[in-house]
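Chemist: Following is a predicted model, sequence given first.
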Amino acid sequence: DTEVTQTPKHLVMGMTNKKSLKCEQHMGHRAMYWYKQKAKKPPELMFVYSYEKLSINESVPSRFSPECPNSSLLNLHLHALQPEDSALYLCASSQERQGQLTDTQYFGPGTRLTVL
Amino acid sequence: AQSVSQHNHHVILSEAASLELGCNYSYGGTVNLFWYVQYPGQHLQLLLKYFSGDPLVKGIKGFEAEFIKSKFSFNLRKPSVQWSDTAEYFCAAREWIWPGGYQKVTFGTGTKLQVIP
């Protein structure tokens, strides 16, 4: 199984709503990532979790709150978002082992988020 | 910090034409390079990757890329494109962050390829 799944596929929310994006992988990967991809732009890294600990926060606003409850799951909690936060949110995972430079990130299909 | 640039933003080709998409990176350390493809409405898929060894890398669907260290380039090529190759192509570079042992991938701005039947 080399698949990263994300739910929901599409999400429309108001600026006062609280919602969560979910990501799951069963490849035994110990690093998981959230990316944001605006239309016609490349993916931009938001967060990195390594062994269930937050390792990188790329200066993301606090209205985005990641959570890694276990090694297979990664959530992104959303609260008080702005219309400019509308984008495709991509999750990825990789096997992180010191010295193993051949590990590749596998991407999920993304959640298309629209903030009204 | 590394950066990745793709100079071709939109490329239009006829079927059977040859393709070359440019990618340049800036990073002083050991670099791992990738090409990803994103078909319309689909998620990112890995086309090929370069870590070390033979600088000419072959990927899926007839794509290949050449790593030229002196030029900081990793151009993607395909001798004969098909209509089904219509997609957006992203070059990416990876650096490893220690301690922690995780990877940070930086993407180029992407090249939209349109193949006309």
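Modeler: Thanks, I have it.
Chemist: Name the spans of chain B whose pLDDT lies under the cut-off.
Modeler: Chain B contains residues with pLDDT under 70 at B:1, B:28, B:97-102.
Chemist: If we use 90, what do you get?
Modeler: B:1-3, B:7-8, B:26-32, B:40-46, B:51-53, B:69, B:94-106 (pLDDT under 90).
Chemist: Please list the residues of it that sit near chain A.
Modeler: B:30, B:32, B:34, B:36, B:42-46, B:49, B:51-52, B:90, B:96-97, B:100-110, B:112 (C-beta under 8 Å from any C-beta of the partner chain). C-beta here means a position set from N, CA and C on the backbone, and glycine is covered the same way.
Chemist: Now the buried members of those residues.
Modeler: Listed as buried from those are B:32, B:34, B:36, B:43-44, B:46, B:49, B:51, B:90, B:96, B:100-110; burial here means 16 or more other C-beta atoms under 10 Å in any protein chain shown.
Chemist: Now residue 80: phi and psi?
Modeler: Since you didn't name a chain, this refers to chain A. Backbone geometry at residue A:80, expressed as degrees, to the nearest 10, gives phi 60, psi 50.
Chemist: Which secondary structure state does the residue most central in space within chain A sit in?
Modeler: Central residue of chain A (C-alpha atoms, centre = their mean): residue A:34, 2.7 Å from the mean position. Classification of residue A:34 using DSSP: H, G, I helix; E, B strand; the rest coil returns strand.
Chemist: Now do it against residue B:34, distance only.
Modeler: 18 Å (C-beta to C-beta, to the nearest Å).
Chemist: which residues in chain B form strands?
Modeler: Ranges of strands within chain B are B:3-5, B:10-14, B:19-21, B:24-26, B:32-38, B:45-50, B:56-58, B:64-68, B:73-78, B:87-97, B:102-107, B:111-116, based on DSSP state E.
Chemist: Report all helices and strands that the third one contacts.
Modeler: With contacts defined as 3 or more C-beta pairs under 8 Å, 6 or more residues apart in numbering or on different chains; DSSP states H and E, the secondary structure elements packing on strand B:19-21 are strand B:10-14, strand B:73-78, strand B:111-116.
Chemist: got the buried residues for the shortest one?
Modeler: Yep, that's strand B:10-14 we're talking about. Neighbour-count burial for strand B:10-14, counted by 16+ other C-beta under 10 Å, picks out B:11, B:13.
Chemist: Using CSV, write out the CA atom coordinates for the helix or strand bottoming out on mean pLDDT in chain A.
Modeler: Least confident helix or strand of chain A, by mean pLDDT, DSSP states H and E, is strand A:53-57 with a mean of 82. Output of strand A:53-57 as CSV, limited to C-alpha atoms (Å, rounded to 0.1, in the frame of the first residue of the first chain):
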residue,chain,number,x,y,z
LYS,A,53,6.6,15.6,17.0
LEU,A,54,6.3,18.9,15.2
SER,A,55,9.6,19.6,13.6
ILE,A,56,8.9,22.4,11.2
ASN,A,57,6.4,25.2,11.3
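Chemist: Is that strand positioned near chain B?
Modeler: Yes: residues of strand A:53-57 are located near chain B by C-beta under 8 Å from any C-beta, namely A:55-56.
Chemist: Show the subsequent helix or strand relative to that strand.
Modeler: Later in the chain than strand A:53-57, the nearest helix or strand by DSSP states H and E is strand A:64-70.
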